[in-house]
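Novice: Sequence and predicted structure below; questions after.
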Amino acid sequence: MKSKFLTLMGLILIVFVSQAIWVTYSPILTNIAQITGVSAGSVGLLAIIYPIFFLALTIPVGILLDKNFKLWLTIGSLLTFASGAFRIFSPHTYIWLFAFQILGAIGQPFSLNSFALFASTYYEKRKPMAISGLSFSVYLGTIFSLAAGEYLYGLGGLHMVFLPTAIIALIGIVLFLVGILGLEARKPEENVSVFREMKYAVRQRNLWVLGVILGLGVAAYDNLSTWLQPVIQTIGMGQVAGTVVALTLILGLVGILIIPNAITKRDLRTIYLRFVAIVVLLIFVALAFAASKITLYGLLPISGFIMLPAYPIIMEWISKFYVKSRQGIATGFMAFVSRIFSVVFTLSALVVIASVTYYFLFLSALIFGAVLFTWFLPRDKEVVPA
């Protein structure tokens, strides 16, 4: 029991570090460019590396996790640790930062694709709790870097920006290694065929549906994080964007802690996803025609509270309805589908950011698509395990 707890705590910290590394440079992009002597675009590339590598690696990583979960999760965690811990030794050298950003980008799909299989393997009786904790860490790591980056830079430059992540990475990898060395390894799957695994995943209709729903939802919130400020600046409210997004994410974290366990315990996964999609659709339509400080502060945090918990609920779906030997590829394939949708529709929003109405109607269209796809999901008690 102690080894399981240490491993979970270590993995939670590793996931936090992975997400924090991803967006480390976003709040201080121009400062980094000046210090390292490169263009702002080159610094922006440090963040873009992550989704590029995730798309390329998520399916092969899922197969590797199915083949030998303990080994490959450990390798991915070590890569993330190295990325978070070693940047601090030469923070003003762009090539150094680039190299360790690549290590972090390679490590990310190992940790993010491990949630369902980790919970099924080591927390069979408390899967929602384990997955919620890991999902909580995903958003917390992102919030930390976005919220604290500029402040830490003002305190002590890049060394101070990198220091907290480096410390957390060290604590995380120590806890993870001490814990996982005490856990029994599942026997490696000897006959894992890439072709057979892909054929299996492609034939799973629910994975396609879940991937689309997750991708459209993530696209909506990536849009809010990326474009809300310039959008509402067109009506003179750009100064509230940061606070609104922060409140939305914070309430989402609260939701992750309390909602998934209640929903999964009662087998209401599909009903909840339908409910959330409809409510968020109504919120975005309302904002399209009545955007004000009151509606932004009142409605967007509510959407975060109910929508962010959908992520761990979808991950728990995989751990519940797919056999352990296929949960890696199931997660990887679903994540691949979702990431395509989220990237495409986050970039597509560029054409509507000059108008608050058009922008929120665009987000409404995304969530309307999610509403439609939730009706392709069977109710929990009708799901045929695969």
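Specialist: Cool, the structure landed. Here the structure is a predicted model, which means the values were calculated and not measured.

Novice: centroid residue for this structure?
Specialist: Val138 (5.3 Å; Cα atoms, centre = their mean).

Novice: what helix or strand is that residue on?
Specialist: helix 127-180 (DSSP states H and E).

Novice: That helix: what's the following helix or strand?
Specialist: Using DSSP H and E, the first helix or strand after helix 127-180 is helix 194-202.

Novice: Now do the following helix or strand past that following helix and helix 194-202, the angle between them.
Specialist: Following helix 194-202 in sequence order, the next helix or strand is helix 205-233 (DSSP H and E). On the basis of axes from the mean of the first three to the mean of the last three Cα atoms, to 10 degrees, helix 205-233 is oriented at 70 degrees to helix 194-202.

Novice: so helix 205-233 versus helix 127-180, what angle?
Specialist: Using the same axes, to 10 degrees: helix 205-233 against helix 127-180 is 90 degrees.

Novice: show me the contacts for the nearest residue in space to Asp66 that is not next to it in sequence.
Specialist: Leaving out its chain neighbours, the residue that sits closest to Asp66 by Cβ to Cβ, 6 or more residues apart in numbering is Gly328, at 3.7 Å. All C-beta atoms are positioned from the backbone trio N, CA, C, and that covers glycine. Listed by Cβ atoms under 8 Å, 6 or more residues apart in numbering, the contact partners of Gly328 are 61-67, 69, 113-114, 117.

Novice: Tell me the secondary structure at Gly328.
Specialist: helix (DSSP: H, G, I helix; E, B strand; the rest coil).

Novice: Tell me the predicted confidence for it.
Specialist: Per-residue confidence at Gly328 stands at 93 (pLDDT).

Novice: One more: the one 5 residues further on?
Specialist: Per-residue confidence for Phe333 comes out at a pLDDT of 96.

Novice: unless I'm mixing things up, the residue nearest to the centre of the chain is touching Ala20, no?
Specialist: No: look at Val138 against Ala20 with Cβ atoms under 8 Å: they stay out of range, at 10.4 Å.

Novice: For the contacts of Gly328, which entry has the maximal number of neighbours?
Specialist: Neighbour counts for the contacts of Gly328 (other Cβ atoms under 10 Å) peak at Asn113, which has 35 neighbours.

Novice: Next up, the contacts around that residue.
Specialist: 58, 61-62, 65, 328, 331-332, 335.

Novice: of those residues, closest to Lys127?
Specialist: For those, the residue nearest Lys127 by Cβ to Cβ is Thr331; the value is 13.4 Å.

Novice: Quick check: which element contains that closest one?
Specialist: Going by DSSP H and E, Thr331 is in helix 327-348.

Novice: Could you pull up phi and psi at Leu308?
Specialist: phi -60, psi -30 (degrees, to the nearest 10).

Novice: Quickly note the distance from it to Thr7.
Specialist: 24 Å (Cβ to Cβ, to the nearest Å).

Novice: Surely Ile283 is in contact with Pro301?
Specialist: No: if you go by Cβ under 8 Å, Ile283 and Pro301 don't touch, sitting 10.2 Å apart.

Novice: The two - which one has more neighbours?
Specialist: Ile283 (22 against 19).

Novice: Report pLDDT for that one.
Specialist: Per the predicted model, pLDDT is 98 at Ile283.

Novice: which residues touch it?
Specialist: Ile283 touches 299-300, 302-303, counting by Cβ under 8 Å, 6+ apart.

Novice: Quick check: of those residues, which has the highest neighbour count?
Specialist: Ser303 (25 neighbours).

Novice: which residues touch that one?
Specialist: 248, 279-280, 283-284.

Novice: which SSE is it in?
Specialist: helix 293-307.

Novice: Run the chain-centre distance for that helix.
Specialist: Offset of helix 293-307 from its chain centre (Cα atoms, centre = their mean, to the nearest Å): 20 Å.
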